[in-house]
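# Return atomic coordinates for the entry below.
(2 chains)
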Amino acid sequence: MTAIQIDNLSKQFGDVVAVDGLDLTVEEGEIFGFLGPNGAGKSTTIDIILDFTRPTSGSVSVLGHDAQREGLAVRRRTGVLPDAYHVYDRLTGREHLEFAIEAKEANGEPEALLERVGIADAADRKAGGYSKGMRQRLIMAIALIGDPDLLILDEPSTGLDPNGAREMREIIRQESERGTTVFFSSHVMEQVEAVCDRVAIINRGQLVAVDTIQGLREATEAGETLYIEASRIDEEIVGRIQQIDGVTGATIDDDRIRVLVGDRSKFRVLETIDDSVVQVEDFSVVTSSLGDLFSHYTTDQQEVTA
Amino acid sequence: MRVLTVAKKDFKDAVQSRALWSLVAVIVLVMVFVTYGYTQIPEAFGPTDEATFGGLLFFTDGILSLFVPLTALVVCYKALAGERELGSIKILLSLPLTRSDAFFGKFIGRTGVLGVGIGVGLTIGFTLGAVLLGSVEVVPLLVFLLLTLVFVATYASIMVSLSAVTGSTTRATTLAVGFFVLFELVWDAVPIGLVYVVEGFSLPATLPDWVFLVTQVSPSTAYATSLIALLPDVAAELGASVVVGSGDVDPSSAEPFYVTAEAGLVFIALWLVVPLLVGYSNFNRSDL
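Predicted structure coming up:
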């Protein structure tokens, strides 16, 4: 069964197309990263999933329920950390949780939930006095009420220090182990890289890529790159290297051979070259970060469509 | 009841408003001042020489005609627009709650907050009045309190509904203040102005009957005449009558229904229900 099914979704605000014919499927149980630069349409998509915003066309189904017509059923089984939210300044952390527990008709101890996100000692203080990070933790605690089947987290690391971001990832992993589907958005690739099974990248309201992180690397030739210094470097050698299993590309680059390695161990590739093509004298490995990938997709794509 | 969950949360939040309690303090001061003045020198306040509890009710009615709209404005103008502008509505509607739960929960919660605030003022004022007068008229008091609660709910309905049609607190403020100015401050001049225009830019000796109807549209005027309709004996005793612009209409001698005090009850009911319907349907359709 699919957790989230988005079909040909579009949303226009006046002249601005925020989401443009988006198709996306999130399978049950996976941790799915939803990436895009600011203003790409991530939050609008999430707003439609949660029925804060009504689509111009297309449909969204969540856990088998239509997001627009059966929003209540969707939100009964979903925990949400929204984007650009604001806490109730005059209510305490505990009061926030008591309200949310009642609304979700769930059994839950405010104390235990606040403990889990690390702000139990601030339970009886008014949330208006919380720091940004504490607010983020408070809303995360609300999202976790009633063991949801789906967690939708819009930029969950906003306002958290590196330590807080790590704790957040830890909670995401724990929830995932429990069987919860996690759908989270970010404009920072590194946060997604650490936890996600699959990633979708959107830009200007359109889907530009959806794959596993490994898959994305291969698809963009931005996987691992070997730089080899060999006893002989010429076009013939490069041609033979290109034939090797697992090599997605080879070029001569500044007196070295630049070899792009796909889904095979780079050491195997290196060994094969050394054994049967040319003697390797020295080599270095460069792993492109997903950040590079991300800018590759979003900037290159923009140039293409512009 | 999900709507009550929202109402309870909203009450807890809004009842902590400083502006609310500042206004309640002003209401208490005015109530104490008027109650004391009326019981000591009744002839300065009304046609009768002797102060009665019924008379006190009618004076309080006059005070609330101003303070209920004002307090409702302050307590409710940001009820939904503020939540939308800040983004706390996203916390609310991420939970398994519908837009109708949010809207009607707000309405109930804010009615409760207003009711408590006004209730504190009335309790102090009427206790003082009962002590000074040495008597309480229980039935008129209960009728008065019930009608006032309906009036409070009516204003909560108007202000929450105005707040529901926009996501900007600036626009919500304009709407709320605009409503107050139009219907509470200058409304009496509207029917007179209409007559002036209709009669060829001059005022006739007697005002036509429909002027009364137009005057009644103002919620607080409807509240005042509703009290006359519900407590006719007390009203007659005080010589209270339905005020039309600068002149008076004696409700008992008037022919058509809309010149009777009961018209006030109809308008109160309309102000209670119609804004809720319009506000909700607007809120339900909008992108947050």
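
# Which positions within stretch B:185-205 qualify as buried?
Within stretch B:185-205, the residues that qualify as buried are B:W187, B:D188, B:V190, B:P191, B:I192, B:V195, counting by 16 or more other Cβ atoms under 10 Å in any protein chain shown. Bear in mind the C-beta positions are built from the backbone N, C-alpha and C, glycine included.

# Go through these and say which is closest to A:K104.
A:K104 lies nearest to B:W187 out of the buried residues of stretch B:185-205, by Cβ to Cβ, at 45.5 Å.

# List the residues that contact the residue lying closest to the closest one once chain neighbours are set aside.
Spatial nearest neighbour of B:W187, excluding adjacent residues (Cβ to Cβ, 6 or more residues apart in numbering or on different chains): B:S218 at 4.2 Å. Shown in contact with B:S218 (Cβ atoms under 8 Å, 6 or more residues apart in numbering or on different chains): B:F183, B:E184, B:W187, B:D188.

# So which bits of the stretch 1-150 of chain B are right by chain A?
Within the stretch 1-150 of chain B, the positions near chain A by Cβ under 8 Å from any Cβ of the partner chain are B:2, B:5-6, B:8-9, B:12-13, B:16, B:86-88, B:90-91, B:93-98.

# 10 Å instead, please
Applying Cβ under 10 Å from any Cβ of the partner chain, we find that the stretch 1-150 of chain B lies next to chain A at B:2, B:4-6, B:8-10, B:12-17, B:82-99, B:101, B:105.

# circling back to that earlier point, sort out for me which of the buried residues of stretch B:185-205 are in helices.
Under the assignment DSSP state H, those contribute B:V190, B:P191, B:I192, B:V195 to helices.

# Domains of chain A: list them as residue ranges, please.
Listed domain ranges for chain A are A:2-217, A:224-287 (source: automatic domain parsing).

# Worst mean pLDDT among the ones you listed?
With a mean of 82, domain A:224-287 has the lowest mean pLDDT of the domains of chain A.

# B:L70 - how many residues pack around it?
The burial count assigned to B:L70 is 15, neighbours taken as other Cβ atoms under 10 Å in any protein chain shown.

# Can I get the domains of chain A in JSON lines including mean neighbour count?
Output for these, formatted as JSON lines (neighbours: other Cβ atoms under 10 Å in any protein chain shown):
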{"stretch": "domain A:2-217", "mean neighbour count": "19"}
{"stretch": "domain A:224-287", "mean neighbour count": "15"}
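
# In the stretch 101-250 of chain A, which residue sits closest to chain B?
A:A103 (4.2 Å; Cβ to the nearest Cβ).

# so that residue touches B:A7, yeah?
No: between A:A103 and B:A7 there is no contact under Cβ atoms under 10 Å: 11.7 Å.

# where exactly do the strands run in the chain?
Answering for chain A, as no chain was given. Ranges of strands within chain A are A:2-13, A:16-27, A:31-35, A:57-62, A:65-66, A:78-81, A:150-154, A:181-186, A:198-203, A:206-212, A:224-230, A:247-253, A:256-261, A:280-287, based on DSSP state E.

# hm, I was asking about chain B
Per DSSP E, chain B carries strands over the ranges B:242-244, B:247-249.

# What sits closest to the residue of the stretch 101-250 of chain A closest to chain B if chain neighbours are left out?
Nearest one to A:A103, counting by Cβ to Cβ, 6+ apart, is B:L95 at 4.2 Å.

# for chain A, what are the nearby residues on the stretch 151-288 of chain B?
Residues of the stretch 151-288 of chain B lying near chain A (Cβ under 10 Å from any Cβ): B:R285, B:S286, B:D287, B:L288.

# confidence score at the last one?
The per-residue pLDDT reported for B:L288 equals 85.

# repeat for the first one
On pLDDT, B:R285 comes in at 92.

# How about the contacts made by the spatially closest residue to it that is not a sequence neighbour?
Spatial nearest neighbour of B:R285, excluding adjacent residues (Cβ to Cβ, 6+ apart): A:R54 at 7.8 Å. By Cβ atoms under 10 Å, 6 or more residues apart in numbering or on different chains, the residues touching A:R54 are A:K11, A:D47, A:I48, A:A67, A:Q68, B:R285, B:S286, B:D287, B:L288.

# Hmm, the fourth one is touching A:I4, no?
Spelled out, it's A:A67. Yes: using Cβ under 10 Å, A:A67 is in contact with A:I4, at 8.8 Å.

# Between these two, which contacts overlap?
Contacts common to A:A67 and A:I4, judged by Cβ under 10 Å, 6+ apart, are A:I49, A:V60, A:S61, A:V74.

# could you dump the residues you listed to CSV with distance to chain B?
Putting these into CSV (distance: Cβ to the nearest Cβ, whole Å) gives the following:
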residue, distance to chain B
A:I49, 11
A:V60, 15
A:S61, 17
A:V74, 8
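
# Which among the residues of the stretch 151-288 of chain B next to chain A count as buried?
The neighbour count (16+ other Cβ under 10 Å) marks B:S286, B:L288 as buried among these.

# so who does the closest residue to B:T98 other than its chain neighbours touch?
The spatially closest residue to B:T98, leaving aside those adjacent along the chain, is A:L72, at 5.8 Å (Cβ to Cβ, 6+ apart). A:L72 makes contact with A:D51, A:H65, B:R2, B:L95, B:P96, B:L97, B:T98, B:D101, according to Cβ under 10 Å, 6+ apart.

# do that again at 8 Å, thanks
B:P96, B:L97, B:T98.

# now, among those residues, which is nearest to chain A?
Once Cβ to the nearest Cβ is applied, the member of these that ends up nearest chain A is B:P96, at 4.3 Å.

# so how many other residues sit close to that closest one?
Other residues close to B:P96 by other Cβ under 10 Å number 21.

# so what's it scoring on pLDDT?
pLDDT, B:P96: 95.

# Surely it touches A:E70?
No: in this structure B:P96 lies outside contact range of A:E70 using Cβ atoms under 8 Å: 11.1 Å.

# Mind listing what's buried along stretch B:117-124?
Per 16+ other Cβ under 10 Å, stretch B:117-124 contains these buried residues: B:G117, B:I118, B:G119, B:G121, B:L122, B:I124.

# Enumerate every residue touching A:K104.
A:R76, A:I145, A:G146, B:L95, B:P96.

# Identify the residue nearest it in space, chain neighbours excluded?
Nearest residue to A:K104 in three dimensions, chain neighbours excluded: A:G146, at 4.7 Å (Cβ to Cβ, 6+ apart).

# Got the phi and psi for A:R69?
When read as degrees, to the nearest 10, the backbone of A:R69 gives phi -90, psi -30.

# For whichever residue of the stretch 101-250 of chain B sits closest to chain A, grab the count of nearby residues.
Closest approach between the stretch 101-250 of chain B and chain A, counting by Cβ to the nearest Cβ: B:D101, at 8.4 Å. Per other Cβ under 10 Å, the neighbour tally for B:D101 reads 22.

# Wait, it touches B:V6, no?
Yes: using Cβ under 8 Å, B:D101 makes contact with B:V6 at a distance of 5.3 Å.

# re the thing from before, out of the contacts of A:K104, flag the one nearest to A:L113.
Closest to A:L113 out of these is A:I145 (6.5 Å), distances taken as Cβ to Cβ.

# can you tell me which residues contact A:G64?
A:M1.

# just B:A19 next, same as before
B:V74, B:V75.

# now it: how far from A:L91?
Separation of B:A19 from A:L91 (Cβ to Cβ, to the nearest Å): 17 Å.

# ok, so what distance separates the residue nearest to B:W187 from A:A250?
Distance of B:S218 to A:A250, computed by Cβ to Cβ: 84 Å.

# residue nearest the centroid of chain A?
A:G33 (2.0 Å; Cα atoms, centre = their mean).

# Give me the distance between the helix ranked longest in chain A and the centre of its chain.
If you go by DSSP H, chain A has its longest helix at helix A:162-177. Taking Cα atoms, centre = their mean, to the nearest Å, the mean C-alpha location of helix A:162-177 is offset from the chain mean by 13 Å.
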